[in-house]
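> just a sequence and a predicted model for now, questions to come.
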Amino acid sequence: MKPETNTWNVDLYNKKHAFVYQHGEELIKILNPKKGEIILDLGCGSGQLANEISKSGAEVIGIDSSNEMIAEVKTKYPNLQFFVKNASNFQFKKPFDTIFSNAVLHWVIDGENAILSMNKNLKIGGRIVVEFGGKGNVKTIIRSVKKTLNERGYMKNSNTQIWYFPSISEYTSILEKNGFEVEYAHLYDRPTELADNENGIKDWIEMFGSSFFSDIPSQEKSAILEEVQNNVKEKCFINGKWYADYKRIRILARKVK
Ligand code: BEZ
């Protein structure tokens, strides 16, 4: 899943941001897929998790809003089905037993519409097993990006809203309002080691936060990234490695109406 305004670099994503799907393997254990179960992978990205889930014998369908990603995964996993669809407004003819989603729902600013779509596409008694950025996610990085943009006069860029990081109370209230019973909700710190020891934070922002920099000349953007990386060093550079201060929200809920 990608932000609509970011240019998604599939190659950079696969090479340097493999942690996105590697962490998802833990969520598959919680999903505990069963043979015959029909599962939607919402925001399937590079397809590794959909493929992993399918090894259980479950029937897996993946959706993603990125044409590039879907084109790639269709070639990579020809035995699975993938479609380009938007998380906040999708519709299948047959409802699913389960909807799984890892590291995606924070891209859907209108979280309630994603919940409505999940409800519409689940059987009664069907479950959602989802994890994404929760309240306080990448707070250190965001604060520094906004502060640096403001100081350089880019107020509009600094106010760009790219992500949705809800608290437990906020998200579970919306779920309950929209026909779900919440069985498990957890908000936890998951500092995430970044792939590049030199440019870890700069690469992360380039990959995921480029919407902050629309219309900023590239030289100025490079200078801002350099400044941000220096500013967060005290908190995010630990024992010679860069970390992003991820905070995840993990939710298990069931459709009751
Ligand atoms: C996350 O996985 O928490 C995340 C990834 C990209 C941008 C923002 C958050």
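Alright, I've got the coordinates. Residues are numbered from 1 along each chain as shown.
> low-confidence stretches in the protein?
1-20 (pLDDT under 70).
> what parts of it come near the ligand?
Contact residues (C-beta under 6 Å from any ligand atom) of the chain with the ligand: Ala103, His106, Gly133, Asn137, Val138, Trp163, Phe208, Tyr246. Bear in mind the C-beta positions are built from the backbone N, C-alpha and C, glycine included.
> among those, which are in helices?
Phe208 (DSSP state H).
> and of the residues of the chain next to the ligand, the nearest to Glu234?
Closest approach between the residues of the chain next to the ligand and Glu234, by C-beta to C-beta: Val138, at 15.8 Å.
> who's in contact with that closest one?
Residues in contact with Val138 (C-beta atoms under 8 Å, 6 or more residues apart in numbering) are Ala244, Asp245, Tyr246, Lys247.
> may I see those residues organised as JSON lines, with neighbour count added?
JSON lines is the format used below for the contacts of Val138 (neighbours: other C-beta atoms under 10 Å):
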{"residue": "Ala244", "neighbour count": "21"}
{"residue": "Asp245", "neighbour count": "18"}
{"residue": "Tyr246", "neighbour count": "20"}
{"residue": "Lys247", "neighbour count": "17"}
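> looking at the residues you listed, which is nearest Val182?
Nearest member of these to Val182, counting by C-beta to C-beta, is Lys247, at 18.7 Å.
> bridged to that closest one, which residues?
Per DSSP bridges, residues listed as beta-bridge partners of Lys247: Asp189.
> list the residues that contact it.
Here Lys247 is in contact with Gly133, Gly134, Lys135, Gly136, Asn137, Val138, Lys139, Phe165, Leu187, Tyr188, Asp189, Arg190 (C-beta under 8 Å, 6+ apart).
> measure the residue nearest to the fourth one when sequence neighbours are not counted to Lys94 for me?
Setting aside the residues directly before and after it, Gly136 is nearest to Lys247 in space (C-beta to C-beta, 6 or more residues apart in numbering), at 4.6 Å. Separation of Lys247 from Lys94 (C-beta to C-beta, to the nearest Å): 35 Å.
> which among the contacts of Val138 gets closest to Leu194?
Closest to Leu194 out of these is Ala244 (6.0 Å), distances taken as C-beta to C-beta.
> what segments of the protein are strands?
Taking DSSP state E as the criterion, the chain carries its strands at 38-42, 59-64, 81-84, 96-102, 122-133, 180-189, 192-193, 237-238, 241-244, 247-255.
> what count of nearby residues applies to Ile30?
Ile30 is flanked by 12 other residues according to other C-beta atoms under 10 Å.
> verify the contact between it and Arg127 for me.
No: Ile30 is not in contact with Arg127 according to C-beta atoms under 8 Å; the separation is 10.6 Å.
> shared neighbours, the two?
Common neighbours of Ile30 and Arg127, counting by C-beta under 8 Å, 6+ apart, are Leu252.
> okay, stretch 109-116 in PDB with CA atoms only?
Presented in PDB, the C-alpha positions along stretch 109-116 are these (Å, rounded to 0.1, in the frame of the first residue of the first chain):
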ATOM      1  CA  ILE A 109      -6.200   8.800   6.500                       C
ATOM      2  CA  ASP A 110      -9.900   8.100   6.600                       C
ATOM      3  CA  GLY A 111      -9.700   5.100   9.000                       C
ATOM      4  CA  GLU A 112     -13.500   4.800   9.400                       C
ATOM      5  CA  ASN A 113     -14.000   4.200   5.700                       C
ATOM      6  CA  ALA A 114     -11.500   1.300   5.800                       C
ATOM      7  CA  ILE A 115     -13.300  -0.200   8.700                       C
ATOM      8  CA  LEU A 116     -16.600   0.100   6.800                       C
END
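> ok, and the closest non-adjacent residue to whatever residue of the chain ends up closest to the ligand?
Closest residue of the chain to the ligand, C-beta to the nearest ligand atom: Gly133 (3.3 Å). Spatially, and ignoring its direct neighbours in sequence, Gly133 is nearest to His106 (3.8 Å; C-beta to C-beta, 6+ apart).
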